[in-house]
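A.B. asks: pasting the structure only:
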């Protein structure tokens, strides 16, 4: 239930956030207001003020808030129904037409990116629940199973040592060494039983993810905290990915620019629009694959889609957005796939370092 509520909240937040950055040019409210603009005082000519752009019709009711939410989640002022089909089947044409100036017709790439980010994490919350709880539960079960097996093994070693001590006593020989071994085994059994019972663990029996030392004090401290509570560390990583997903755009844009160094007519702005629409599509693909996985589609088909769909979409978008020939678009697609994985790894590395040193 909490996952469903979180998912709904994420969806609404994303829609309203996307609506905030979405340009209002070309939209109409359907209500004209004769008189003066309530924002700047200019006399109205039509549905909007020609001086400041504010709508002539101003809502002042509780119902208007619900209307804004409904518009944000479901409507996008009709642009979404023109944008999504082109993003799926003609991404190159969408990118080229938006760069060329057709802004009122389509959802802006940044608004679409924000909405898909929130929608993806809302889907994860709805389908996966609380990641911290799941990871902690799996870790606890793993620790308990390991502890049970370890107790049995140490108990057998203790029984052998006790039998050896009895033989030494019967032979009237020193039992000093075997006594020390027995004491050590008994201490280990006690510690393992406390772990099995859910009590605190001694430092000598603590389960760790890594014992590596980097020499960077903040990072080593973060690794130690991740060892103590890996579920919390993964939750922080998920939250950081949610919060800083926009970093994928500035990280990826220079890589695309490298593909067109000798084509001066394409600017960083053009590449940023390309990247943002491409990232929005990839997130929509992830959402779709999660849903079809829950619906029972075999994993082999999902894996095939993961490896086949992105290159095909990149090829079509490159060819259409930059007016490339097939061969030119093909080699750029291959290189772009390498660049995409590089950008993704850089993003994950930055998030991990941020989470561990924060």
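C.D. replies: Received it, and whenever you're ready, just let me know what you need. In this text, all values refer to a predicted model and were calculated from it rather than measured experimentally. Residues are numbered from 1 along each chain as shown.

A.B. asks: how close does residue 85 get to residue 93?
C.D. replies: 11 Å (C-beta to C-beta, to the nearest Å). (Each C-beta comes from the backbone N, C-alpha and C, glycine too.)

A.B. asks: Which one of the two is surrounded by more residues?
C.D. replies: More crowded of residue 85 and residue 93, by other C-beta atoms under 10 Å: residue 93, with 15 against 11.

A.B. asks: Which of the helices or strands spans the more buried one?
C.D. replies: Using DSSP states H and E, residue 93 sits within helix 91-100.

A.B. asks: who touches that helix?
C.D. replies: Residues from elsewhere that reach helix 91-100, judged by C-beta atoms under 8 Å, 6 or more residues apart in numbering: 83, 86-87, 105-106, 108-109, 269-270, 273-274, 277-278, 281, 313, 316-323.

A.B. asks: Among these, which lie within helices?
C.D. replies: Counting by DSSP state H, the contacts of helix 91-100 place 83, 86-87, 109, 269-270, 273-274, 277-278, 281, 313, 316-321 in helices.

A.B. asks: Show the buried residues in those.
C.D. replies: Using 16 or more other C-beta atoms under 10 Å as the burial test, the ones in helices among the contacts of helix 91-100 include 83, 86-87, 109, 270, 273-274, 277-278, 281, 313, 316-321 as buried.

A.B. asks: and residue 40, that's in a strand?
C.D. replies: No. Counting by DSSP: H, G, I helix; E, B strand; the rest coil, residue 40 is not found in a strand; it is coil.

A.B. asks: Begin at 15 from now on, thanks
C.D. replies: Fine by me, first position is 15 from now on; the one you just mentioned is residue 54.

A.B. asks: for the spatially closest residue to it that is not a sequence neighbour, what are its contacts?
C.D. replies: Leaving aside its sequence neighbours, residue 54 sits nearest to residue 66 (C-beta to C-beta, 6 or more residues apart in numbering; 4.6 Å). For residue 66, the contacting residues are 51, 53-54, 56, by C-beta under 8 Å, 6+ apart.

A.B. asks: and of the residues you listed, the nearest to residue 249?
C.D. replies: residue 53 (43.2 Å; C-beta to C-beta).

A.B. asks: For the closest one, which non-adjacent residue is spatially closest?
C.D. replies: Leaving aside its sequence neighbours, residue 53 sits nearest to residue 68 (C-beta to C-beta, 6+ apart; 4.3 Å).

A.B. asks: looking at it, the one you found is touching residue 52, isn't it?
C.D. replies: Yes. At 7.2 Å, residue 68 counts as touching residue 52 under the criterion of C-beta atoms under 8 Å.

A.B. asks: Of those two, which one has the most company?
C.D. replies: For residue 68 versus residue 52, neighbours defined as other C-beta under 10 Å are more numerous around residue 68 (17 against 14).

A.B. asks: show me what contacts that one?
C.D. replies: Taking C-beta under 8 Å, 6+ apart as the test, what residue 68 contacts is 51-54, 62.

A.B. asks: how close does residue 128 get to residue 364?
C.D. replies: For residue 128, the distance to residue 364 - C-beta to C-beta - is 20 Å.

A.B. asks: quick one, which of these two is more surrounded?
C.D. replies: residue 128 (25 against 14).

A.B. asks: Which helix or which strand is home to that one?
C.D. replies: Taking DSSP H and E as the definition, one finds residue 128 inside helix 123-142.

A.B. asks: Now do that helix: which elements does it pack against?
C.D. replies: Other elements packing on helix 123-142 under the criterion 3 or more C-beta pairs under 8 Å, 6 or more residues apart in numbering; DSSP states H and E are helix 16-35, helix 94-103, helix 244-257, helix 282-308.

A.B. asks: looking at those, which is closest to residue 314?
C.D. replies: Using C-beta to C-beta, the helices and strands packed on helix 123-142 put helix 282-308 closest to residue 314, at 11.4 Å.

A.B. asks: List the buried residues of the closest one.
C.D. replies: 284-301, 303-304.

A.B. asks: now swap in stretch 104-119 and tell me
C.D. replies: 105-106, 108-113, 117.

A.B. asks: quick one: least confident helix or strand in this structure?
C.D. replies: helix 16-35 (a mean of 51; mean pLDDT, DSSP states H and E).

A.B. asks: Show me the chain divided up by domain.
C.D. replies: What automatic domain parsing lists as the domains of the chain is 134-143+246-371, 145-221.

A.B. asks: Is it possible to get CSV of these that adds distance to residue 231 and mean pLDDT?
C.D. replies: Listed next are the domains of the chain as CSV, based on distance: least, C-beta to C-beta, whole Å; pLDDT from 0 to 100:
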stretch, distance to residue 231, mean pLDDT
domain 134-143+246-371, 9, 90
domain 145-221, 20, 64
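
A.B. asks: Out of those domains, which one sits most buried?
C.D. replies: With neighbours taken as mean count of other C-beta atoms under 10 Å, those reach their highest mean count in domain 134-143+246-371, at a mean of 16.

A.B. asks: Good, we can wrap up now.
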